[in-house]
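J.: Structure for the following, please:
(4 chains)
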Number of protein chains: 4
Amino acid sequence: MKISHLLPMALLAILLVSCNDSRATGEKGQKTVIKMHKNHWANGAQLVISVSMQFETGGQPDRAESPFSGSPLPKGQPDLPAESWYRYGANEGIYRMLDLWRKYDIKVTSHVVGTAAQKYPEIARAIAKDGHEIAAHGIAWDNQWNKNYADELTFVKDGVDMVEKITGQRAVGYNCNWLRRSPNTLKVLQELGFLYHIDDLSRDEPFITKVNGKKFVVMPYTLRNNDIVQIAGNHWSPDQFLSQLKHEFDQLYAEGAEKRRMMSISFHDRIGGTPAMVHAMEEFIQYTKEKTNVVYMRKDDIAKMVIHDPKTLVDNSEEQYNN
Amino acid sequence: MKISHLLPMALLAILLVSCNDSRATGEKGQKTVIKMHKNHWANGAQLVISVSMQFETGGQPDRAESPFSGSPLPKGQPDLPAESWYRYGANEGIYRMLDLWRKYDIKVTSHVVGTAAQKYPEIARAIAKDGHEIAAHGIAWDNQWNKNYADELTFVKDGVDMVEKITGQRAVGYNCNWLRRSPNTLKVLQELGFLYHIDDLSRDEPFITKVNGKKFVVMPYTLRNNDIVQIAGNHWSPDQFLSQLKHEFDQLYAEGAEKRRMMSISFHDRIGGTPAMVHAMEEFIQYTKEKTNVVYMRKDDIAKMVIHDPKTLVDNSEEQYNN
Amino acid sequence: MKISHLLPMALLAILLVSCNDSRATGEKGQKTVIKMHKNHWANGAQLVISVSMQFETGGQPDRAESPFSGSPLPKGQPDLPAESWYRYGANEGIYRMLDLWRKYDIKVTSHVVGTAAQKYPEIARAIAKDGHEIAAHGIAWDNQWNKNYADELTFVKDGVDMVEKITGQRAVGYNCNWLRRSPNTLKVLQELGFLYHIDDLSRDEPFITKVNGKKFVVMPYTLRNNDIVQIAGNHWSPDQFLSQLKHEFDQLYAEGAEKRRMMSISFHDRIGGTPAMVHAMEEFIQYTKEKTNVVYMRKDDIAKMVIHDPKTLVDNSEEQYNN
Amino acid sequence: MKISHLLPMALLAILLVSCNDSRATGEKGQKTVIKMHKNHWANGAQLVISVSMQFETGGQPDRAESPFSGSPLPKGQPDLPAESWYRYGANEGIYRMLDLWRKYDIKVTSHVVGTAAQKYPEIARAIAKDGHEIAAHGIAWDNQWNKNYADELTFVKDGVDMVEKITGQRAVGYNCNWLRRSPNTLKVLQELGFLYHIDDLSRDEPFITKVNGKKFVVMPYTLRNNDIVQIAGNHWSPDQFLSQLKHEFDQLYAEGAEKRRMMSISFHDRIGGTPAMVHAMEEFIQYTKEKTNVVYMRKDDIAKMVIHDPKTLVDNSEEQYNN
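T.: Presented below is the predicted three-dimensional model:
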């Protein structure tokens, strides 16, 4: 099933489902009886998968984490192999992933560090040109949780402005450095017109939370299907990562017959963009395409689809911070 | 073989075994010769499997271990993604596991931290309602080994009382924080009317130890088949965990033909309750069901089955502490 | 091919090989042409495998390494789950391994800590009774590299005496705590009448080194096929361990056609004696039995076989210490 | 396809490609249509693979990293098992790998530490005699990034001279200790007549950079397919390493149809030279030989092939240091 043709079929599915909630006859003349899932998502998907492709290379600070940072050089001494390791993300990683998404007509969300786009504007533009979402990731690769309200607002806004100037896209989604928000982050984002953030691990589906009294979408991010956690941090091999993705997909897809389910995957330029990881990801994509009604989506499209949907969960667990 | 139908068949097996210790004829008219195991367990099981489903989320202290705790924030600064990671156990983890146990009609033992049940009473009730054992895990997620007798008794009793008030079940089994008991723990438990504890790794079968001169059951726990040890601590991928379970099962099941054998498995809300882990566990359950006389049981039922069985081992290795 | 029948067949092989170095006719009437390897080992083996089954439990010092030792309790506070984890080696581990060796008629070398045998004499006797080699591992689980000559000699001799008193076997082979010898260790062993030691990782075959001018056998030990290194230390899963064994076996067996090759495997009571590891080991044994001329041997038998064999390598890399 | 016969066939391929860029008829009389890749490499390869076989044993400093170095002995105390672990590289590791390369007629690049060749001249000569490239790796196993220009030049030159005296080969390629160059390294190498260095991780193909105004080749090295990183550092098992190699190969080979691609693999005497790793590598070689136009090459041959090829990328990312 070609993913680009899914939406009309999904509409059909919704129509069919409204007639017969658990089973529906397929196309006319066909006797096959198709078990339909309920339309937990407005687009009829049984599972929505969203990939984050983080573009950070070029924005890393001095002595940033790398395979060499466990044994740091003295300050001021350039760590040349570490720097070359980062450049890989720009030279090979992003382009290799773009080729993969193009081959399968998948649109992803790219969280772009402002200074990374400044250093490599042609890469930021290449991502945008292929139809991917440009989302925000701060002006710099730096802590955000320790900033006061005004400084945090500047930090976020500068990043959005920088990347918009380069790509023409204004971000509506946010990802903090190492997911670590301050208690003010959601208010800052709400003030700046953001639609959603991803620094939450509490559910396998997006939900609404109230910020300054208005709806704000929380999009599930992932440590489990995250290359920087599992490959760079936990030293998994790509076959372990692939196996993790398949186990997670099988479970969430099955659950998707009964409720709204979303799977989040994260790739970083210099880690997920390596040959073995992209090859593993291609195997995973092929694996998911054997199932019907699997939809890969940008997070802004997901946010827009759910924000006014009455079936979307509301969760105000952090309301103490958001008013 | 449906597990819920096992007990009568096991009784039949015992009868057959008593006629012919090593081989028995199967159903009438069938020429297949079935090799029968001896009845090492009173219910005729060749292997008893018991799952612990720890419910701790909501009871974690500030700066509790999480994927973020290796790089702690300053005291007083909320670690928002870490907290969201914990909430996953309550939002998704426990319910996903409950669905799995229900699908295969498996009853498990849930060790419930008192403050977790207080924070999420609906979850504690959902566990109890499905027929699972509610066991105790302290009033709080806190060290127990460093308390004096009176304080430890209060710590345990408060937890039992809290969870009983919420679920209606009074715990008879105990699990200490990180298994770390004080020298008084078993006396405290005996005084409070407990039947068994699980903080022992010394055998692959339950045994009796004397506490204050009375029988007390020690139920084997596990680090080997424990999600918090292997997934969170040792960074295994779910396929490694599944392979570990299968290797262990194959060995213990084979040994079960010759002696009493029990397999212990441990899942924690936010770790084992993830999609990939529940999917791996489902594969394991299906794997075990290809063999006959595999019985999944709650630990209180196991304790009651063995405490007066003369075949149960007696082991007083810790008698210096228990009188 | 039953291993216990190998030796006579190996002798036959040697006769045949002496007639025709590369090929020989099999049994009379059979047209199969068997490719014979040269007799690099006196017993005609193509590969000699030797298992070390370390018996240490009961001899561990306070706060010994365990899954709990990363977060040690204050001195004087008993670490009860850690102690129960050690007891597993005595209650289950050694007996489970003995069952495996018996099933396949494999004789292993057991390095026994003196105080472990003292604590569990019935286990030391069970090992000896099954025909396994009782080798020495010090009187206590303690550093040996930091002792002076006299103290080291006492440390070794006390261990040998203790274990001999219990099992009736006098050790001729030695293994230091964590392999760490002092510069005097080989002289101490030579003075005490030892035939070999195993604390060397430099070759895949035993060799002779001169100590006090006399021949002393150095038996290759292993970190690669060592449960304490790979399972307890590196957190491998049992399937990784099994895969490592198979890769190593395949390579060494192939090399065994051209030169003398030995494979060393190490299991510790509480680690290798777990169900999954013993199950993995059984799979490995079955894997090796599909090949001809694979011989499992005790290390003392290997040492006796090679010490006067002129084909045995001589390596005096450490001669600065041994005269 | 025998690799040694590849070059003429590759020339044929180039001819065919020049006639028909995307498809070409195979051998006369055969109707099979072969999809030809463009000639991104002058020798017609679709993928160039280059193996580094580091020879360092004997050159390691006191207390060098080993499986024992996490718990170092006091200074002056010899760590005898660690030293024996290093000797393995000289006794077994290099010779085992040489056998493998010979069996498949693969020529590799061996980066040789000067003092390692001094300690084991027969090994350095054996490598050279088999037709492998002798490349430089410093006179000693020591930091290079912290030396001034003159000291660094002496450090490099002494190593080259030493190894040339022993093997008769003058190195034209360089590898720094742990890849860590000083800002002067490339200028030092250029002054000493080197053709290329490998301490760069930024691309999957070699490129040209200007040093002192002249062309200098930068050859991609690897952490991903590097035994010291993945096996010794990250504790992968050999099957993980093999799987990583296959995933990476599949991806780069596919990309090689569209652009110039090179795969780098690194083995160290005492780590990659173990039985299981050599066996895994043999499986990988066999895997790659199922594909056409895969060429294993020495890095000096690659450098010579690309340095004057106008299709070779030019990248002056580090020009601030190189003028």
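J.: A:Tyr287 is in contact with A:Phe249, isn't it?
T.: Yes: because the distance of 7.0 Å satisfies CB atoms under 8 Å, A:Tyr287 is recorded as touching A:Phe249. C-beta coordinates here come from the backbone N, C-alpha and C atoms, glycine included.
J.: Which one's more surrounded, those two?
T.: Comparing A:Tyr287 with A:Phe249 by neighbour count (other CB atoms under 10 Å in any protein chain shown), the higher total belongs to A:Phe249, at 23 against 15.
J.: Quick check, pLDDT for the more buried one.
T.: As predicted, A:Phe249 sits at a pLDDT of 98.
J.: Equivalent analysis for A:Thr32, please.
T.: In this model, A:Thr32 carries a pLDDT of 40.
J.: Equivalent analysis for the one 5 residues further on, please.
T.: Residue-level confidence at A:His37 comes out at 57, pLDDT.
J.: which bits of chain A sit near chain B?
T.: By the rule CB under 8 Å from any CB of the partner chain, the part of chain A lying against chain B is A:145-146, A:178-181, A:183, A:185, A:199-204, A:223-224, A:229-230, A:234-236, A:240-241, A:243-244, A:247-248, A:250-252, A:255, A:263, A:315, A:317-318, A:321.
J.: contacting residues for the one residue in the stretch 51-200 of chain A that gets nearest to chain B?
T.: In the stretch 51-200 of chain A, the residue that lies nearest chain B is A:Leu179 (3.9 Å; CB to the nearest CB). Neighbouring residues of A:Leu179 by CB atoms under 8 Å, 6 or more residues apart in numbering or on different chains: A:Asp199, A:Leu201, A:Tyr221, B:Phe68, B:Leu80, B:Pro81.
J.: List the residues that contact the third one.
T.: In this case it means A:Tyr221. A:Ser52, A:Asn175, A:Leu179, A:Ile198, A:Asp199, A:Asp200, A:Leu201, A:Ser264, A:Ser266.
J.: show me the residues around the second one that make contact.
T.: Put plainly, it is A:Asn175. Contacts of A:Asn175 by CB under 8 Å, 6+ apart are A:Ser52, A:Gln54, A:His111, A:Ala135, A:Ala136, A:His137, A:His197, A:Ile198, A:Asp199, A:Tyr221.
J.: at 7 Å instead, please
T.: Applying CB atoms under 7 Å, 6 or more residues apart in numbering or on different chains, we find A:Asn175 in contact with A:His111, A:Ala135, A:His137, A:Ile198, A:Asp199.
J.: What sits closest to it if chain neighbours are left out?
T.: A:His111 (4.2 Å; CB to CB, 6 or more residues apart in numbering or on different chains).
J.: What are the boundaries of the helices in the stretch 101-250 of chain A?
T.: Counting by DSSP state H, counting those that start in this stretch, one finds helices in the stretch 101-250 of chain A at the ranges A:114-119, A:121-129, A:149-167, A:185-191, A:227, A:238-255.
J.: which one of those is the most hemmed in?
T.: helix A:227 (a mean of 26; mean count of other CB atoms under 10 Å in any protein chain shown).
J.: How about that helix and chain D, touching?
T.: No: using CB under 7 Å from any CB of the partner chain, helix A:227 stays clear of chain D, coming no nearer than 12.5 Å.
J.: I'd like to know which elements that helix is packed against.
T.: Secondary-structure packing of helix A:227 (3 or more CB pairs under 7 Å, 6 or more residues apart in numbering or on different chains; DSSP states H and E): strand A:262-268.
J.: right, and the helix or strand after the strand it packs on?
T.: Per DSSP states H and E, the first helix or strand lying C-terminal to strand A:262-268 is helix A:275-288.
J.: show me where pLDDT drops low in chain A?
T.: Applying pLDDT under 70 to chain A flags the ranges A:1-37.
J.: which residue ends up closest to the midpoint of it in space?
T.: A:Ser52 (3.0 Å; CA atoms, centre = their mean).
J.: In three-state terms, label it for me.
T.: strand (DSSP: H, G, I helix; E, B strand; the rest coil).
J.: hang on, it packs against A:His111?
T.: Yes: using CB atoms under 7 Å, A:Ser52 is in contact with A:His111, at 5.9 Å.
J.: isn't A:Ala42 right up against A:Asp309?
T.: Yes: in terms of CB under 7 Å, A:Ala42 counts as a neighbour of A:Asp309; the distance is 5.7 Å.
J.: So which of those two has more stuff around it?
T.: Each of A:Ala42 and A:Asp309 has its neighbours counted (other CB under 10 Å); A:Ala42 has more, 17 against 14.
J.: which phi and psi does the more buried one have?
T.: phi -60, psi -30 (degrees, to the nearest 10).
J.: Excluding chain neighbours, what is closest to it?
T.: Distances taken as CB to CB, 6+ apart place A:Met305 nearest to A:Ala42, at 5.3 Å, with adjacent residues excluded.
J.: which ones are touching A:Tyr248?
T.: Let me fix one detail, which is that residue A:248 is Glu and not Tyr. Here A:Glu248 is in contact with A:Arg224, A:Asn225, A:Met263, B:Pro275, B:Ala276 (CB under 7 Å, 6+ apart).
J.: What would stretch A:160-180 look like as PDB? C-alpha coordinates only.
T.: Taking Å, rounded to 0.1, in the frame of the first residue of the first chain, the C-alpha atoms of stretch A:160-180 are listed here in PDB:
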ATOM      1  CA  VAL A 160      12.900  30.300  15.400                       C
ATOM      2  CA  ASP A 161      13.800  33.500  13.800                       C
ATOM      3  CA  MET A 162      17.200  32.300  12.600                       C
ATOM      4  CA  VAL A 163      15.800  29.100  11.100                       C
ATOM      5  CA  GLU A 164      12.900  30.900   9.500                       C
ATOM      6  CA  LYS A 165      15.200  33.400   7.900                       C
ATOM      7  CA  ILE A 166      17.100  30.500   6.300                       C
ATOM      8  CA  THR A 167      14.300  28.100   5.400                       C
ATOM      9  CA  GLY A 168      11.200  30.300   5.100                       C
ATOM     10  CA  GLN A 169       9.400  28.000   7.600                       C
ATOM     11  CA  ARG A 170       8.300  29.300  11.000                       C
ATOM     12  CA  ALA A 171       8.400  26.500  13.600                       C
ATOM     13  CA  VAL A 172       5.300  25.600  15.500                       C
ATOM     14  CA  GLY A 173       6.900  22.600  17.400                       C
ATOM     15  CA  TYR A 174       9.600  22.600  20.100                       C
ATOM     16  CA  ASN A 175      12.200  20.200  21.500                       C
ATOM     17  CA  CYS A 176      14.500  21.300  24.400                       C
ATOM     18  CA  ASN A 177      18.100  20.300  24.800                       C
ATOM     19  CA  TRP A 178      18.000  16.800  26.300                       C
ATOM     20  CA  LEU A 179      14.200  17.300  26.800                       C
ATOM     21  CA  ARG A 180      14.900  19.400  29.900                       C
END
